[in-house]
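Enquirer: Provided below are the primary sequence and the corresponding predicted coordinates.
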Amino acid sequence: MSAPVAPEPAPAPAAPPAEAGFRGRFRSDAAARGAYAEAAGIGHVVPRAVAVPAGAADAEALVRWAARAGTPLVPRGSGSSMAGGAIGDGVILDVSRLRALGPVDVAARRVLAQPGVTGAAVDARARQSGLRFPVDPSSWQFCSVGGMASANAAGAHSLRHGAMRPWVTALDCVFADGTRAVVRRGAPPPDLPAVRRFLAEAAPAVDAAAARGVPLRRAVRKDSSGYALGEWQRSRELVDLLVGSEGTLAVFVGVELALAPLPGATASVLGVFPTLDAAVRAAVAAREAGAVACELLDRTFLEVAARGTDVPGGGRRTGWRAPDGAAAALLADAEGASAGATVEAARVLRRAFDGAGAREVTLALDPGAERALWALRHAASPILARLDPALKSMQFIEDGAVPPARLADYVRGVRAALARQGVRGVIFGHAGDGHVHVNPLVDVRDPAWRARVEGLLEDVTALAASLGGTLAGEHGDGRLRTPLMARTWTPEALALFAATKRAFDPAGILNPGVKVPADGQRAIDAIKYDPTLPALPAAARRALDHVAATRDYSADRLALVDAAP
């Protein structure tokens, strides 16, 4: 199968004129554009230009300029997104340098952050006041809260605390015509053209569809696919619709977040199981027993983790090896108001694991022991990066979620799909939520590698649809999954998504090709690992390689370009 050639970007636009009011950096040179051609996922699209606002007012000015010029904008945070929503044929609007973080309102348990602040930074600020920010994707050391809100991100502890949506209390938004307003939970929606169009044109159709029983929500615990019309229809809160919209309805220049109290103590429990079904039974039991996290480590993951990895924060651990014949492991967390209550909660989880047939159970009741267990959960990515250089870890089926009762069927189906395509893969994820990440290892020396990638995507898409699942549990649709949405959503739901997009963005300038597909859009197009792709400028390539090698996604891309020798 012939590989598509990376399309040449449209002619670079001139910088916004001075009277437009944009004070930030605007670059259209090849090196700057190349440094934004890739994100953490597999996609590769060279943008037309890059704009980095110096403040929120600059984002307003840029959107007004783009609206007048009809120029598409691609809002982007740190670029850690997997599904291709942060790359595209347009002007990249990089809000990652907007990093003001306000004081914690302890009484209200709130904090206001600009979109470039990382999730970890919000949590660190909250902990200084005896609180925490509980949405914890594994990338939260470098993923931005603007991007987390845009994708309705989640993490290991979403089993207890939920994904991003309920923790967002207000959004400072720039809409597609350049108007700006704060959308606050519990307050009337702002009286602006975009909101008026939605309420007058799309909202009645949503209500009518809900009355007819059109499914706007799925029986999954985590879902970041499509627009959250079901959540909006239930709550009537515009915040619920905007969270998860991936920069297609508005640009976020501020995010107010709710915070939670710190637990009195925590503990972790690792169980090893002889069969996948036993592990799934244990995950259900753990959730019912009050686990705040429950992670699946499939046998493919255990094989990779046995090679050993550097422990985050320093030191090196020897390779942990599961007992012979282990099919899966579960890593669960318990929390309590006191150390005694937490120890008892951990013992309840141990009994749940034993009752499901665990062969081996380990309790970690102090912070050091907990960190050692969780180092195992975070082991795969560093190890995969050190495997055979020809094996590329291509994360394109990495976000499927199914009803938790169907998790074993999904994992078995993914294993079978990998075997059919002759591709190795590592499987892990959020067992309590029925949500699985998959890292296929693709040999780009194989002439049929692209056909294997496309065949694997087709197989897993069909699998998720057959099980009533979603392709996007926490990472969003992006450009990768948007063309596949018709496989998991009804035609009625897709029509409502399109109507919502038209209401907020009639000219289609905000992240086109995400959430609503463009004509002829393909799920798999140019892939950044393709050895036949035209080379990027050397400075851009060095910047991208630095980010990939160090996972320094929150770095200033233009500074990296300019620092390259």
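Expert: The structure has been received and is ready for your questions. Numbering: from 1, shown residues only.
Enquirer: Pull up the distance across stretch 361-373, start to finish.
Expert: 12 Å (C-alpha to C-alpha, to the nearest Å).
Enquirer: now what about that stretch, what contacts it?
Expert: Outside stretch 361-373, the residues that touch it by C-beta atoms under 8 Å, 6 or more residues apart in numbering are 266-272, 311, 313, 317, 331, 342-343, 346-347, 350, 353-354. For glycine as for every other residue, the C-beta is placed from the backbone atoms N, C-alpha and C.
Enquirer: Where does the prediction get shaky in this protein?
Expert: 1-10, 19, 307-320, 380-382, 385-387, 564-565 (pLDDT under 70).
Enquirer: Tell me, domain by domain, which residues of it belong where.
Expert: Listed by automatic domain parsing, the domain ranges of the chain are 18-95+535-563, 110-260, 264-384, 387-476.
Enquirer: Would you mind giving those domains as a markdown table with mean neighbour count added?
Expert: Listed next are those as a markdown table, based on neighbours: other C-beta atoms under 10 Å:
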| stretch | mean neighbour count |
| --- | --- |
| domain 18-95+535-563 | 21 |
| domain 110-260 | 21 |
| domain 264-384 | 19 |
| domain 387-476 | 21 |
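Enquirer: Any chance of a markdown table for those domains, columns distance to residue 528?
Expert: Compiled in a markdown table, those are given as follows (distance: least, C-beta to C-beta, whole Å):
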| stretch | distance to residue 528 |
| --- | --- |
| domain 18-95+535-563 | 4 |
| domain 110-260 | 18 |
| domain 264-384 | 16 |
| domain 387-476 | 9 |
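Enquirer: For residue 511, find the nearest of these.
Expert: domain 110-260 (4.4 Å; C-beta to C-beta).
Enquirer: any idea how far the closest one is from the chain center?
Expert: 13 Å (C-alpha atoms, centre = their mean, to the nearest Å).
Enquirer: same thing with stretch 336-343?
Expert: The answer for stretch 336-343 is 32 Å, by C-alpha atoms, centre = their mean.
Enquirer: that older thread, what about the contacts of stretch 361-373, which are in helices?
Expert: Using DSSP state H, 342-343, 346-347, 350, 353-354 are the members of the contacts of stretch 361-373 that sit in helices.
Enquirer: okay if I get those as a markdown table plus distance to residue 413?
Expert: Shown next, in a markdown table, are the ones in helices among the contacts of stretch 361-373 (distance: C-beta to C-beta, whole Å):
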| residue | distance to residue 413 |
| --- | --- |
| 342 | 37 |
| 343 | 38 |
| 346 | 32 |
| 347 | 34 |
| 350 | 30 |
| 353 | 25 |
| 354 | 28 |
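Enquirer: closest to residue 128 among these?
Expert: residue 342 (22.6 Å).
Enquirer: Can you tell me how far that closest one is from residue 41?
Expert: 37 Å (C-beta to C-beta, to the nearest Å).
Enquirer: Tell me who's in contact with the closest residue to residue 395 other than its chain neighbours.
Expert: Excluding the flanking residues, the one nearest residue 395 by C-beta to C-beta, 6 or more residues apart in numbering is residue 82, at 5.4 Å. Counting by C-beta under 8 Å, 6+ apart, residue 82 makes contact with 39-41, 395, 398-399, 475, 478, 480.
Enquirer: What's the end-to-end length of stretch 70-87?
Expert: OK, stretch 70-87 end separation, C-alpha to C-alpha: 18 Å.
Enquirer: just how off-centre is it within its chain?
Expert: Using C-alpha atoms, centre = their mean, the offset of stretch 70-87 from its chain centre is 12 Å.
Enquirer: So which elements touch the helix or strand encompassing residue 416?
Expert: Residue 416 is part of helix 407-421, with elements assigned from DSSP states H and E. Packing partners of helix 407-421 (3 or more C-beta pairs under 8 Å, 6 or more residues apart in numbering; DSSP states H and E): helix 276-288, strand 293-298, strand 424-430, strand 435-443, helix 449-466.
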